[in-house]
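> quick one: sequence and predicted model below, then my questions.
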Amino acid sequence: MKSTADKLVDDYLQRLERELAGFPRARRRELVEEISLHIAEARAQLETENEAAIRTLLDRLGDPADIAAEAGGRAETAARPRGSGWDVVALILLLIGGVIVPVIGWLVGVLILWASATWTTAEKLVGTLVVPFGLALPAFLITIGVSAHGESCSGGPGGPTICTHEGHLAPLLTTIVTVALILASIGSVVFLARRRSQTVGLT
Amino acid sequence: MVAQQDALLAQMRRGTLQYCVLSLLADEERYGFDLVRGLAEMDGMVTSEGTIYPLLSRLRRDGLVESTWQESPSGPPRRYYHLTTAGRAALEAFRLEWRRFRDAVDHFVERKAGS
């Protein structure tokens, strides 16, 4: 049988656990552990343990929501990077830098991306590897697709079936790959922009 | 006006509390409960004791304090906190700034009529 005191303490710790639900597990565990040790020490020092004494003790500790707010608010704002204008430059260059100045424009975007404190390493990898060279890659495919088509079909005086391999296969395949690359390229930049507004916007 | 003043006081308390924690650890290591009660003894410093623990956790993650588990003569083991070199430096820097700030404010606020 649990005493009323134990039940009050359990309720309090459960409320604390719920309030901290959004935190990483290690931090949640550390805080709940520290607070329950505090309660144990405080209880050991009580002359007589009754419901009123436990309630007073828990009141002094404060509302679990306040503890969670203290754990969240300031820690997050302190650790949260401030987004700079360079972030926007990075995103633009990742998307169209390679189109403006082939390869180099995109590479500059990648450098700025990796120098930024706004994104995590995983997010930076997404920005770099999902579509290397950004829109320049599908743009390049369109250019060679057009030229390949033109070359193979133009030199066919013996019949219309001369432009076989690239001429017929390439248009459909190239179109699918190109559209996919354009979507993925825009998608990854939109993803990075969203992540940025999520992390920066809360300060 | 009163609400505004309350908010200001709360912010000042929050801003300085971590240095009070570092000061309490300057001479000896302390475990959480001991530290919290040490702070709560001063009237007006701590309103909810529980909020000290997130602060301690942050100080630890910032490398200003470190903690070690030690057996307690009674009850479960305790987590003792002590200052790191960085913590000591942060406290020293704050002390200097605080003295200057306090003296400057005192100079105006505590000025006696006619002097």
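Happy to help now that I have it. The structure presented is a predicted model; accordingly, all values stated were derived computationally and were not measured.

> report pLDDT for the closest residue to residue A:177 other than its chain neighbours.
Nearest residue to residue A:177 in three dimensions, chain neighbours excluded: residue A:141, at 6.4 Å (CB to CB, 6 or more residues apart in numbering or on different chains). For the C-beta atoms, the positions are set from N, CA and C on the backbone; glycine is no exception. Here, the pLDDT recorded for residue A:141 equals 81.

> and the residue of chain A found nearest chain B, what does it touch?
Closest to chain B within chain A is residue A:62: 2.3 Å, counting by CB to the nearest CB. Contact analysis of residue A:62 by CB atoms under 8 Å, 6 or more residues apart in numbering or on different chains lists B:47-51.

> restrict these to contacts with chain A.
Applying CB under 8 Å from any CB of the partner chain to the contacts of residue A:62, one finds that B:47-51 fall near chain A.

> and residue A:135, backbone torsions?
Dihedral angles of residue A:135 (phi, psi; degrees, to the nearest 10) stand at phi -70, psi -10.

> tell me how many other residues crowd residue B:86.
Look at residue B:86: counted by other CB atoms under 10 Å in any protein chain shown, it has 12 neighbours.

> next to chain A, which bits of chain B? Give me the list.
So far as CB under 8 Å from any CB goes, chain B lies against chain A at B:14, B:31-33, B:36, B:40, B:47-51, B:53-58, B:61, B:74-76, B:78-79.

> sort out which of those are in helices and list them.
B:14, B:32-33, B:36, B:40, B:53-58, B:61 (DSSP state H).

> ok, which pair from the residues you listed is furthest apart?
Pairwise distances across those (CB to CB) peak at 23.5 Å, for the pair B:40 and B:61.

> chain B contacts on chain A?
Residues of chain A lying near chain B (CB under 8 Å from any CB): A:27, A:30-31, A:34-35, A:37-38, A:40-42, A:44, A:60-64, A:66-67, A:70-71, A:74-75, A:78.

> pull up the gap between the residue nearest to residue B:74 when sequence neighbours are not counted and residue B:78, please.
Spatial nearest neighbour of residue B:74, chain neighbours left out: residue A:44 (6.5 Å); criterion: CB to CB, 6+ apart. According to CB to CB, to the nearest Å, residue A:44 and residue B:78 sit 12 Å apart.

> more neighbours, those two?
residue B:78 (21 against 13).

> not counting its neighbours along the chain, what's nearest that one?
Among residues not flanking residue B:78 along the chain, residue B:31 sits closest, at 3.8 Å (CB to CB, 6+ apart).

> I figured that neighbour hits residue B:81, correct?
Yes - when contacts are counted by CB atoms under 8 Å, residue B:31 is listed as touching residue B:81 (7.2 Å).

> so which of those two has more stuff around it?
residue B:81 (24 against 21).

> dump the helix or strand the more buried one falls within to PDB, keeping only the CA atoms.
Following DSSP states H and E, one finds residue B:81 within strand B:78-83. As requested, the backbone C-alpha atoms of strand B:78-83 are provided in PDB (Å, rounded to 0.1, in the frame of the first residue of the first chain):
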ATOM      1  CA  ARG B  78      24.300  12.500  -4.300                       C
ATOM      2  CA  ARG B  79      25.500  14.400  -7.400                       C
ATOM      3  CA  TYR B  80      28.100  16.900  -6.200                       C
ATOM      4  CA  TYR B  81      28.800  19.900  -8.400                       C
ATOM      5  CA  HIS B  82      32.100  21.800  -8.600                       C
ATOM      6  CA  LEU B  83      33.500  24.700 -10.700                       C
END
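
> alright, I will stop here.
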